[in-house]
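1. predicted model and sequence below, questions to follow.
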Amino acid sequence: MQIALVTGGGGGIGSAVARRLAREGQHVVVADIDLPAATRVAHAVQGTPVRLNAGDFDDNHRLAGWITEHFGQLDVAVLNVGINSGQRGAQPLDPARYRDCVNVNLDSIVFGIDAVTPLMAAGGGGLIMVTCSLSSLWPEVSNPVYTLTKTGALGYVRAMARLLAERGIAIHALCPSSVDTPMMGPSRGRALAQGFPLISPDQVAEAMMTIAETPGAATTWSLVAGQPPMPYEFAPVPPTLRPDGTVVPVN
């Protein structure tokens, strides 16, 4: 039986992913800072609940050690913790909210990858899926702090992809548009009033399965309402030229 970890597993997307993985026959470790929420989801999928402060480096490594002790392996990790910045616009900047958003949305990804990589590599490899956002690809002008964190998370995933592949670990970032979860807050009502279609958490979970089952899947994927998940193609960087006009190869 494969062992899967879902962080933010007590929330909307996390619980949907946990259910989907359980249907695939995986035992799901449901991790959340809200232990009662994690317990409810874990009970529903016959998984294991754990409390995790995903923005804490030591807590991530403690969890990896606990998984090693109890299961001896980790095959799939879905790093899914996220919050809104709670701050519209850019000024005046609220330093506390800024730090919270960076910690939850960005630190959790960096720390989570660092914690699960040795365990996966020891078992011959694995799969890491990171929940990013369409804001990772297209700036959300009304929420620049959130955009910062999601852009940073995607950049880290892209930079780590080759390094992880050398250890047998595939990593993908899924960038969905607005997902119908409580994190939307008041913007949910505004979106519905304007006829803007929302993605369901189950659609996000299904998209992750599609990516996982796609041979040679790209690192970065987008997901918008009414469309299947699609590999995202970045524009090429202009080539660097030597004084003699020859191109400097990019590794």
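-> Alright, I've got the coordinates. Being a predicted model, the structure only gives us computed values, none of them experimental.

2. buried residues in stretch 58-76?
-> Neighbour counts using 16 or more other C-beta atoms under 10 Å place 59-61, 63-64, 67, 71, 74-76 of stretch 58-76 among the buried residues. Yep, even glycine has a C-beta here, placed from its N, CA and C like the rest.

3. please disregard the earlier target; I meant stretch 202-217.
-> Result for stretch 202-217 [16+ other C-beta under 10 Å]: buried residues 202-209, 211-212, 217.

4. quick one: which of those sit in strands?
-> Nothing among the buried residues of stretch 202-217 maps onto strands, per DSSP state E.

5. related to what we said a few turns ago, please flag which of the buried residues of stretch 58-76 sit within helices.
-> Among the buried residues of stretch 58-76, the ones falling in helices (DSSP state H) are 59-61, 63-64, 67, 71.

6. now, which of those residues sits nearest Val50?
-> Using C-beta to C-beta, Leu63 comes nearest to Val50 of those, at 6.3 Å.

7. quick check, that closest one in contact with Phe111.
-> No. The pair Leu63 / Phe111 is not scored as a contact, 10.2 Å apart, by C-beta atoms under 8 Å.

8. ok, which stretches of the protein are strands?
-> Going by DSSP E, the chain shows strands at 3-7, 27-32, 48-51, 76-79, 126-131, 169-176, 220-223, 230-231.

9. please save the CA atoms from the first one in PDB.
-> Once non-C-alpha atoms are left out, strand 3-7 reads as follows in PDB (Å, rounded to 0.1, in the frame of the first residue of the first chain):
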ATOM      1  CA  ILE A   3       1.500   6.100   1.800                       C
ATOM      2  CA  ALA A   4       0.400   9.700   1.000                       C
ATOM      3  CA  LEU A   5       0.800  12.900   3.000                       C
ATOM      4  CA  VAL A   6      -1.600  15.800   2.500                       C
ATOM      5  CA  THR A   7      -0.800  19.000   4.300                       C
END
